[in-house]
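# structure of the sequence below:
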Amino acid sequence: MNDIRMAYGTLKESVSLSPRAETNIRVVSLLDNRKIPEWWVKHLKRHELTEVRLVGRVLVNLKVTTISIPFEQIFTVKTDIIERMCVKEPREIEIPTPIRPIKLILKSVTSLWGKITSERTEIIHKIVIYNPNPIPIPRMEYRIVANGVLIGKGTLYGPGMLKPLSEETIWLTTVINNYMLDEWWVSHIKNGEKTEVLIKMWAVIKVGRMEFRFLLVDMRMTFTTNLLGRRGGIFYPHSTSTLLSACCLQL
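Predicted coordinates for the structure are as follows:
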C-alpha cells in the first residue's frame, strides 16, 4: 500500500488444477497493524490516495519441471476525510449564564491537513463566528474519537477575542496521535471497513470573573474503504496483526 509492504503470505498446501476449468486459489496473508501509522502518513501526503498492489507468483509443478507464473493486481483507494470535517451551514449557539443567555452564530468551519509526521497529524480548522457581544475566549478544548477510540485531545490557550457585532475568525489546530491508529484500524476492519469520527470543540468564555464552557463544534462524519472487498478479500482483525484471506488468482 503506497509502496509499504503491509502483508505477506504463502500457500503451503498444493492445489490441483482441473483441465479446461477455472480454479480459484485463496491465499491467507498476515497484515502488520504496526505499519498502519506509516501507511496513514503516506495516504494523507498523497492527498488521501492509496495505491494497493497485490503481487505474487504461483509455482506450477509439471512433473518434469516447475514453472513460475507471476501475478499482480493494482487498484486505488480514495478517501475524503478532511472534506467531511467542514461545516457549511450556519447554526445558532446559545450559552446559558446567570445574567442572560449569550447567543453566537457559527457560520462555518473549514478544515485542512497541517503538519504530518510519523508521530502526529495536525488538522487546521478555520472557524468563522458572528458575535453580538464582546466575549473573551481564554481557552478551547477538543476531542477526536474514531469508532470509540480516542485518537486526539488537547487544550489550546488564548485563541482570541470575539469582538462585538462582528464576524470573527478563529484558527484552531487539533492533533491526532498516530500511535493510536493501529488500534483504530482494528475497529475500522471489525466495523466492515467503516469509521465514524466524532470531533467536538468546546470554548471557554469569560463573563466578569466567571467562566463558562460550551460546545462550539460538534461534527460527526463517516468514511468507508474497500481495500479488498472488490477482490473477494476478507479481513480477520487482531490487536497486532490482521489476517487477510484474499482470492487473488483465477486459473
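# what segments of the stretch 1-150 of the chain are helices?
36-45 (DSSP state H, counting those that start in this stretch).
# strands of that one, start to end?
7-8, 24-32, 49-61, 66-78, 91-95, 102-116, 120-131, 135-146, 149-162 (DSSP state E, counting those that start in this stretch).
# which one, of the ones you listed, ends up nearest to residue 41?
strand 102-116 (5.6 Å; Cβ to Cβ). C-betas here are computed from N, CA, C, even on glycine.
# what average pLDDT does the closest one get?
Mean pLDDT, strand 102-116: 91.
# now the angle from that strand to helix 36-45?
100 degrees (axes from the mean of the first three to the mean of the last three Cα atoms, to 10 degrees).
# ok, the spatially most central residue of the chain - contacts?
What sits nearest the mean C-alpha location of the chain, by Cα atoms, centre = their mean, is residue 81, with 6.4 Å. Residues counted as contacts of residue 81 (Cβ atoms under 8 Å, 6 or more residues apart in numbering) are 48, 197, 221, 223.
# nearest to residue 141 among the residues you listed?
Looking across the contacts of residue 81 and measuring by Cβ to Cβ, the closest to residue 141 is residue 197, at 17.4 Å.
# helix or strand for that closest one, which one?
If you go by DSSP states H and E, residue 197 is part of strand 194-207.
# C-terminal to that strand, what's the next element?
Using DSSP H and E, the first helix or strand after strand 194-207 is strand 210-224.
# strand partners of that following strand, parallel vs antiparallel please.
Each strand that pairs with strand 210-224, with its direction, by DSSP bridges: strand 194-207 (antiparallel).
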